[in-house]
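In: I would like the atomic coordinates for the input below:
(chains A and B, ligands or ions: 2)
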2 protein chains.
Amino acid sequence: MTGKPRHMHLFLVIGNVGQHHGAWREPDSGIELADSIDFHAEVAQRAEAAKLDAVFIADHLAMLGREAHAPAQHLEPVTVLSALSMRTESIGLVGSASTTFNEPFNVARQFASLDHLSRGRAGWNIVTSAFGEENFGSDPLPSHASRYERAGEFVEVTKALWRSWDADALAVDRDSGVYARSERVHPINFQGEHLTVSGPLNIPRPPQVHPVLVQAGTSADGMAFASRHAEVVFSAHQGLPMAKRYYDEIKNGAKRLGRDPDSIKVLFGLSPILGDTQKDAEERQRALAGLLNIDYAKQLVAFQLGGIDLTNYDLDEKLPLDVLPDPTTINRRQGRFDLYRQLIEDGETLRRLTEVEATAAGLQVAVGDVERMANEMITYFEAAAADGFILIPPSQRVDGRRLLSEVIPLLQERGYARATYQGTTLREHLGLARP
Amino acid sequence: MTGKPRHMHLFLVIGNVGQHHGAWREPDSGIELADSIDFHAEVAQRAEAAKLDAVFIADHLAMLGREAHAPAQHLEPVTVLSALSMRTESIGLVGSASTTFNEPFNVARQFASLDHLSRGRAGWNIVTSAFGEENFGSDPLPSHASRYERAGEFVEVTKALWRSWDADALAVDRDSGVYARSERVHPINFQGEHLTVSGPLNIPRPPQVHPVLVQAGTSADGMAFASRHAEVVFSAHQGLPMAKRYYDEIKNGAKRLGRDPDSIKVLFGLSPILGDTQKDAEERQRALAGLLNIDYAKQLVAFQLGGIDLTNYDLDEKLPLDVLPDPTTINRRQGRFDLYRQLIEDGETLRRLTEVEATAAGLQVAVGDVERMANEMITYFEAAAADGFILIPPSQRVDGRRLLSEVIPLLQERGYARATYQGTTLREHLGLARP
Ligand SMILES: Cc1cc2nc3c(=O)[nH]c(=O)nc-3n(C[C@H](O)[C@H](O)[C@H](O)COP(=O)(O)O)c2cc1C
Ligand SMILES: Cc1cc2nc3c(=O)[nH]c(=O)nc-3n(C[C@H](O)[C@H](O)[C@H](O)COP(=O)(O)O)c2cc1C
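Out: Numbers count the residues shown, from 1 in each chain, chains lettered A, B, ... in the order given. Ligands and ions are numbered 1, 2, ... in the order given. Sure, this is the predicted structure:
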């Protein structure tokens, strides 16, 4: 509580050797170790040494054939984060789990257990899943709206389960033989349109009451969900004006629902491509682009644009707007579709779209030396376009290391990043109240 | 490969401070630490020092109000085993997961990931769940037969997913940019009555190809399932003759299906109550019984007997057989019902039933000093009634410690238990071929 009290909140995406789809081809990528927890533990330990709020693992329920060209994420988030809880001391552990293809009782238990294992460091990135339905039955992917409806019920259920044991429910009275006070362990009796769950949870109240709830909705439904439920929101936008607009919308949405806007942290997604000098960094960006298989990169974009065929479009062409399907037909990632539609309207080339997609999954790419990267982050932060950042390095071993060992220390020096952990839980790192 | 090659296979049940429902009341139970991974890591490390094949965690999807009198299992198996993979080096890590209340794609991923994290030490106890349906929708528990049908499909699906990446599927060719050879990553296109899953899995082939498959079916359906799918079977029986009959039936069932009977290991469930002398051990058994709340203990038995009312029966009475419902109406634990029915036919009192249930969840209770315990185990083993044991101590800190520090070393001395690990995977510990 001494010095500048307000600093950036920082998450690092881990779980892969890097986000850029071609970065595994670099000599030092460490790709041979992708299936080894040691690789990820080392990254998490570096992030902890840099006093980040949390590491974060994304999750997808199908590979879509991409394994031919890029490492699919290999290890599963809940297992990896549980393992990392034994290899780290303080840093938050945030993982994605789908509300469409899981049961709330199972998700509630696993995150409650992770919160116990880590003594209050668990976070859940709530995702509705834009693909993978073929691995969960013969039905088509439920509609975007219905996925978010189920997600809303799912979060209500899991929150109620996490609160189903009162804080003083455990008696542990050896003399009387009363282990828990049954009147302090409550059924939840939830009955919704999508879900029916009686409860109580079979795990006593987790240290944080519930894990920190994270979300990244860009669509209208996604933003409404975030404003209502999220404690941390990832912002997937290009450029300061869009980031600022999103930030304000989320905060205002929360306010309209009676929430303190400070109880919801908006983290701007940033993919840092770093070099010794600005020129080096730009050189590195080109080198990374050169590692992409072009047909593959086009397919990535085509998928996000609703499964259209882009094979006959030149990379350096501006895409005509009329290749796009009607936005109302997009049932997978509406937010990503809208973003790319905007970029096409702004006259961007197909090459630019492939880079945004293959480097950073739609997040902002920032290219620069250490000083410039720190300044870029400070600009967003000071403009109140972000409460912090979710950092998604193209390569953990190259950009990720430099980020943690040079950019973050510079931000610490300037008072923008925490130099020591004050609390012990993720909730405390984020300055979020206990629910 | 030197010395006596054939030794007992040994699993230790962990995840709770002890199996006996009253043992948490003992002064040294460690119950205050039940939610701490450190407690369980210490037990697992002791088991590893004793060179056991594996630790094992049970799992249930509801508490049935039992938390008033006994610690419900608190932490969730997949998370705990993932954490333990970082705190142990060699011992197998086996956890229960329900085929009734999970999706196969999710289970396949988590156990594949655990197998990667632990470098080949994962095992899955396949359970069909006898209760907990109220936490997974509004439908009643599916019928026993239909649960086992789904379980059969579930195992076929998960096995196919674990094999969906060929051993040489990963190319990782930096020059050409080919990460995986798509023609060596196969969809599974499974279509059954209960399940439809396209695949492939989004995790490359696990070190053991698939986790060791464990099962504990006592009903006819359960045994048919075990003979077909299991690599390790838990035997829940009272006394040598029943154990021997079960052993032979499982081995013959496997043989009839064309399996090598040695490819399925039958582990006899044993709850060791240990004392300095035989008299001490018997004293301890009585002391433990004295820690049970009697009404609660009666309820435990009543539940297993189909939800009948036993409040008006005296503990030292022999139960009349006609209190029992028609066996064909039992839809929860058929095996446990049959066992208790047999005990009632044999003239056992309600007190005896409560002790079998509350001490060892229906498994054999063995009471003795160290020498006698070792001899008891050798008797079952030499009679070919067991390939080894699943050991379920009433209290980890009391009987569990003595088991690991005295009984196992005695068995090692006599050549019945492994004194050093020969291999590195659970499959190797068990002498099971790679699938
Ligand atoms: C930083 C970040 C991480 C994300 N991680 C995942 C993920 O792990 N799994 C997933 O299915 N979607 C993930 N998403 C996608 C969103 O959570 C969301 O599901 C998607 O944007 C579709 O919602 P929308 O249509 O509201 O935009 C992520 C998005 C961002 C910005
Ligand atoms: C050692 C042992 C451990 C078991 N662990 C579990 C468990 O963790 N979860 C569960 O639901 N059932 C468990 N069971 C029960 C059986 O797996 C099986 O589901 C039950 O006996 C019902 O099947 P049945 O009707 O074929 O006997 C266990 C049984 C034994 C003997």
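In: and the contacts of stretch A:367-379?
Out: A:8, A:240, A:270, A:272-278, A:280-282, A:284-285, A:366, A:389, A:402-403, A:406-407, A:410-411, A:414, A:416 (Cβ atoms under 8 Å, 6 or more residues apart in numbering or on different chains). (Each C-beta comes from the backbone N, C-alpha and C, glycine too.)
In: also near ligand 2: which of those, exactly?
Out: Among these, no residue lies close to ligand 2 (Cβ under 6 Å from any ligand atom).
In: what subset of those is buried?
Out: A:8, A:240, A:270, A:272-275, A:281, A:284-285, A:366, A:389, A:402-403, A:406-407, A:410-411, A:416 (16 or more other Cβ atoms under 10 Å in any protein chain shown).
In: neighbours of the spatially closest residue to A:Pro394 that is not a sequence neighbour, just the number please.
Out: Closest residue in space to A:Pro394, ignoring its immediate chain neighbours: A:His20 at 3.5 Å, by Cβ to Cβ, 6 or more residues apart in numbering or on different chains. Using other Cβ atoms under 10 Å in any protein chain shown, A:His20 has 31 neighbouring residues.
In: for stretch A:351-371, measure first residue to last.
Out: 28 Å (Cα to Cα, to the nearest Å).
In: what about whatever residue of the stretch 151-300 of chain A ends up closest to ligand 1, distance to A:Pro200?
Out: Relative to ligand 1, the nearest point of the stretch 151-300 of chain A is A:Gly222 (2.4 Å; Cβ to the nearest ligand atom). The spacing between A:Gly222 and A:Pro200, counted by Cβ to Cβ, to the nearest Å, is 30 Å.
In: helices of the stretch 251-400 of chain A, residue ranges please.
Out: A:278-290, A:294-304, A:334-345, A:350-360, A:370-382 (DSSP state H, counting those that start in this stretch).
In: mind putting these into TSV with mean pLDDT?
Out: Formatted as TSV, those follow (pLDDT from 0 to 100):
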stretch	mean pLDDT
helix A:278-290	97
helix A:294-304	93
helix A:334-345	92
helix A:350-360	92
helix A:370-382	98
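In: out of the ones you listed, nearest to B:Leu61?
Out: helix A:334-345 (34.6 Å; Cβ to Cβ).
In: show me what that closest one is packed up against.
Out: helix A:220-229, helix A:294-304, helix A:350-360 (3 or more Cβ pairs under 8 Å, 6 or more residues apart in numbering or on different chains; DSSP states H and E).
In: which of these sits most buried?
Out: Of these, the one with the most neighbours on average (mean count of other Cβ atoms under 10 Å in any protein chain shown) is helix A:350-360, at a mean of 23.
In: got JSON lines for the helices of the stretch 251-400 of chain A, with distance to ligand 1 too?
Out: Formatted as JSON lines, these follow (distance: least, Cβ to the nearest ligand atom, whole Å):
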{"stretch": "helix A:278-290", "distance to ligand 1": "19"}
{"stretch": "helix A:294-304", "distance to ligand 1": "10"}
{"stretch": "helix A:334-345", "distance to ligand 1": "2"}
{"stretch": "helix A:350-360", "distance to ligand 1": "9"}
{"stretch": "helix A:370-382", "distance to ligand 1": "15"}
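In: closest to B:Leu310 out of the ones you listed?
Out: From the helices of the stretch 251-400 of chain A, taking Cβ to Cβ, the stretch that ends up closest is helix A:334-345, at 57.7 Å.
In: distance between the closest one and the chain's centre?
Out: Here the centre of helix A:334-345 is set off from its chain's centre by 19 Å, with Cα atoms, centre = their mean, to the nearest Å.
In: what sits against A:Phe225?
Out: A:Phe225 neighbours (Cβ under 8 Å, 6+ apart): A:Ile126, A:Tyr148, A:Ala151, A:Gly152, A:Gln215, A:Gly217.
In: around chain B, which positions in the stretch 301-435 of chain A sit nearby?
Out: Proximity of the stretch 301-435 of chain A to chain B, by Cβ under 8 Å from any Cβ of the partner chain, involves no residues.
In: for chain B, what's the nearest residue on the stretch 301-435 of chain A?
Out: A:Ala358 (12.2 Å; Cβ to the nearest Cβ).
In: OK, contacts around A:Ala433?
Out: Counting by Cβ under 8 Å, 6+ apart, A:Ala433 has contacts A:Ser263, A:Arg427.
In: try 10 Å this time
Out: A:Val209, A:Glu231, A:Asp260, A:Asp262, A:Ser263, A:Arg427 (Cβ atoms under 10 Å, 6 or more residues apart in numbering or on different chains).
In: between the longest strand seen in chain A and helix A:350-360, how big is the angle?
Out: For chain A, the strand with the greatest residue count under DSSP state E is strand A:265-274. Counting by axes from the mean of the first three to the mean of the last three Cα atoms, to 10 degrees, strand A:265-274 points 110 degrees away from the direction of helix A:350-360.
In: okay, strand A:265-274 in PDB with CA atoms only?
Out: Taking Å, rounded to 0.1, in the frame of the first residue of the first chain, the C-alpha atoms of strand A:265-274 are listed here in PDB:
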ATOM      1  CA  LYS A 265     -11.100  -5.700 -14.600                       C
ATOM      2  CA  VAL A 266     -10.700  -5.300 -18.400                       C
ATOM      3  CA  LEU A 267      -7.400  -6.800 -19.700                       C
ATOM      4  CA  PHE A 268      -6.400  -5.800 -23.200                       C
ATOM      5  CA  GLY A 269      -5.000  -8.700 -25.300                       C
ATOM      6  CA  LEU A 270      -1.500  -8.000 -26.600                       C
ATOM      7  CA  SER A 271       0.900 -10.100 -28.600                       C
ATOM      8  CA  PRO A 272       4.400  -8.600 -28.100                       C
ATOM      9  CA  ILE A 273       6.900  -9.100 -30.800                       C
ATOM     10  CA  LEU A 274      10.200  -7.900 -29.300                       C
END
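In: near ligand 1 at all, that strand?
Out: Yes - Strand A:265-274 reaches ligand 1 (Cβ under 6 Å from any ligand atom) through A:Gly269.
In: for stretch A:207-220, same thing?
Out: Yes - shown here: stretch A:207-220 in contact with ligand 1 (Cβ under 6 Å from any ligand atom) through A:Ala216, A:Gly217, A:Thr218, A:Ser219.
In: A:Arg336 is in contact with A:Gln304, isn't it?
Out: Yes - between A:Arg336 and A:Gln304 there is a contact under Cβ atoms under 10 Å: 4.8 Å.
In: find the residues that touch each one of those two.
Out: What both A:Arg336 and A:Gln304 touch, as defined by Cβ under 10 Å, 6+ apart, is the set A:Ala130, A:Ile330, A:Val356, A:Glu357, A:Ala361, A:Gly362.
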